[in-house]
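Asker: Task: produce atomic coordinates for the following.
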Amino acid sequence: MAARPELARKVLLYWMDGVIAFIAVAFTFMMLGLVIEGMLPVWRALVVAALLLTQFIAFPFILRAAFDDKPRPTVLLAVSGVATLGAIALTPSGLGTSTWEIVASLWLSGLAISVPWRVSVVFGVALAAITIPVAVFVSRIPPVLAVVGEGITLVVTPLAFWLWVWLWRTIREAHESQAAKSRLAVAEERLRFARDLHDLLGHSLSVISLKSELAAKLSVKDTGRAAGEMAQVRELAGDALAEVHAAVEGYRSLDLSRELSTVRAALEAAGARCTVETSTDDLSPAARSLLAWAVREGGTNILKHSRATRCAITIDRGVLEIRNNGVKGPQRTSGSGLRGLSERLTAAGGTFSASATGSDEFLLRAAVPA
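Answerer: This next block holds a predicted model:
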């Protein structure tokens, strides 16, 4: 399951890198056109191109710092800001506003994903207060168009990048929440076992300890009573051992309905949609216990060895089928868990198989005697 957030991270970063690369290429051709038309000296175009390249190189690192929750890239933000100011200062006034809009919005985007939103808003208002008057008085753009154009560029671009970063963090938190649910389910099962074991042995062992201590004291005063106390200790120890055997046998004889619900909850917590269709009314207790073991091992196998997004569990006439997708590459079908399950079913007169069925699906099939 860990590959899903990593894939989302790569897709989002590559998409945003592509946007930056497109803008860089567009500005390169714009600078080249200005040089060819004689509107911009070669040295000036090279300096502007270098400043823009500095910003376009710094921005992906700022993005990755935001994605990976690294410390705020203050130096990169400062370098990007200086490059922005330099590019704007050296751009011809006739083309200044379009350059300012894009370059300033990229720098503002870096702020939006790196600092608290209030700081970004302050800088955004300051940039709008500078660029809108320049667009009106220098480039002779109508006030309404200047306000709309500058405002949209300085708001939409940072907001878009901020939303992509927010989307990634949401995906990561959802995955971490699923993993936490799985760990919590395991922890609850361990706690239940510990509680049952404490309730089972706590009283018996306490009494055995007290009677053993009493017998030790009586051994030098009244050997008859000491022998009686030790006989009771032996009886209590035998009873406790029998209770432990009964408890272990109870854990070994799994409940089929409980295992189905547990496996379904674990798979859904891991991000796989699980459907369960069963008909088990005609099964004997022994058959239900065997199928419960198969369900548990099948669910464990899916969680450990696949990236399943869907799973179907069916039981009909004593035949269990667990089918899941997310199989990548050759699958192990002879692990210790599956091998032990096969031996258990075969010894009881049933059958077992587990193999890939083509494309990316895996099928576990277990049949118990009628």
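Asker: which residue sits closest to residue 349 in space, ignoring its chain neighbours?
Answerer: In this structure, residue 349 finds its nearest non-sequential neighbour in residue 369, 4.4 Å apart by Cβ to Cβ, 6 or more residues apart in numbering. In this view, the C-beta of every residue, glycine as well, is placed from N, C-alpha and C.
Asker: Same check on residue 103?
Answerer: residue 84 (5.0 Å).
Asker: Just the pLDDT for that neighbour.
Answerer: pLDDT for residue 84: 75.
Asker: ok, now residue 124?
Answerer: 68.
Asker: Quick check: longest helix in this structure by residues?
Answerer: helix 143-218 (DSSP state H).
Asker: need the helices for this protein, in chain order.
Answerer: 3-36, 42-67, 74-90, 96-112, 117-137, 143-218, 223-252, 256-269, 285-305, 336-347.
Asker: Burial check on the residue nearest to residue 349, number of neighbours?
Answerer: 13 (other Cβ atoms under 10 Å).
Asker: Would you agree residue 42 is in contact with residue 32?
Answerer: No. At 10.3 Å, residue 42 does not count as touching residue 32 under the criterion of Cβ atoms under 8 Å.
Asker: So which of those two has more stuff around it?
Answerer: residue 32 (13 against 9).
Asker: which residues does that one contact?
Answerer: residue 45 (Cβ atoms under 8 Å, 6 or more residues apart in numbering).
Asker: from what I can see residue 268 touches residue 275, true?
Answerer: No. In this structure residue 268 lies outside contact range of residue 275 using Cβ under 8 Å: 10.4 Å.
Asker: Which one of the two is surrounded by more residues?
Answerer: residue 268 (14 against 11).
Asker: which residues does the closest residue to the more buried one other than its chain neighbours form a beta bridge with?
Answerer: Closest residue to residue 268 apart from its sequence neighbours, by Cβ to Cβ, 6+ apart: residue 274 at 5.6 Å. The partner list for residue 274 in beta bridges (DSSP bridges) reads residue 311.
Asker: you'd agree residue 274 is up against residue 261?
Answerer: No. Taking contacts as Cβ under 8 Å, residue 274 lies outside contact range of residue 261: 10.3 Å.
Asker: Compare those two and say which is more crowded by neighbours.
Answerer: Neighbour count, other Cβ under 10 Å: between residue 274 and residue 261, residue 274 has more, with 21 against 13.
Asker: Tell me who's in contact with the more buried one.
Answerer: Contacts of residue 274 by Cβ under 8 Å, 6+ apart are 263, 264, 267, 268, 310, 311, 312, 313.
Asker: Could you tell me which of the residues you listed count as buried?
Answerer: With neighbours counted using 16 or more other Cβ atoms under 10 Å, those contain these buried positions: 263, 264, 267, 311, 312, 313.
Asker: Now render these as TSV, adding pLDDT.
Answerer: As requested, the buried ones among the contacts of residue 274 are exported to TSV (pLDDT from 0 to 100):
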residue	pLDDT
263	86
264	87
267	83
311	93
312	94
313	94
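Asker: What is the nearest of those residues to residue 175?
Answerer: residue 267 (14.6 Å; Cβ to Cβ).
Asker: Just give the closest residue to the closest one, not the sequence neighbours.
Answerer: For residue 267, ignoring the flanking residues on the chain, the nearest one in space by Cβ to Cβ, 6+ apart is residue 274 at 4.4 Å.
Asker: So which of the helices of the chain is nearest residue 356?
Answerer: Relative to residue 356, the nearest member of these by Cβ to Cβ is helix 285-305, separated by 11.0 Å.
Asker: just checking, what packs against the closest one?
Answerer: helix 256-269, strand 310-316, strand 319-324, helix 336-347, strand 361-367 (3 or more Cβ pairs under 8 Å, 6 or more residues apart in numbering; DSSP states H and E).
Asker: residues in contact with residue 284?
Answerer: Residue 284 makes contact with no residue under the criterion Cβ under 8 Å, 6+ apart.
Asker: Could I get the pLDDT score of it?
Answerer: Confidence score, pLDDT, at residue 284: 87.
Asker: what do you get for residue 335?
Answerer: 59.
Asker: How about the one 3 residues further on?
Answerer: Per-residue confidence (pLDDT) for residue 338: 84.
Asker: try residue 95
Answerer: For residue 95, pLDDT reads 51.
Asker: and what of residue 349?
Answerer: At residue 349, pLDDT is 90.
Asker: can you give me phi and psi for it?
Answerer: When read as degrees, to the nearest 10, the backbone of residue 349 gives phi 90, psi 10.
Asker: quick one: it from residue 290, how far?
Answerer: 10 Å (Cβ to Cβ, to the nearest Å).
Asker: Return every residue with contacts to both of these two.
Answerer: In contact with both residue 349 and residue 290: residue 368, using Cβ under 8 Å, 6+ apart.
Asker: Those two: who's more crowded?
Answerer: Per other Cβ under 10 Å, whichever of residue 349 and residue 290 has more neighbours is residue 290, with 29 against 11.
Asker: Count the residues that sit near the nearest residue to the more buried one once chain neighbours are set aside.
Answerer: Spatially, and ignoring its direct neighbours in sequence, residue 290 is nearest to residue 368 (4.9 Å; Cβ to Cβ, 6+ apart). Neighbourhood size, residue 368 [other Cβ under 10 Å]: 24.
Asker: Repeat that for residue 210.
Answerer: Residues lying near residue 210 (other Cβ under 10 Å) number 12.
Asker: about what we covered before: from residue 318, how far out is the residue nearest to residue 290?
Answerer: Relative to residue 318, residue 368 is positioned 5 Å away (Cβ to Cβ).
Asker: Now for the two: what residues contact both?
Answerer: With Cβ under 8 Å, 6+ apart, residue 368 and residue 318 have common neighbours 283, 287, 291.
Asker: Which one of those residues sits in the busiest neighbourhood?
Answerer: Ranking the shared contacts of residue 368 and residue 318 using other Cβ under 10 Å puts residue 291 first, with 26 neighbours.
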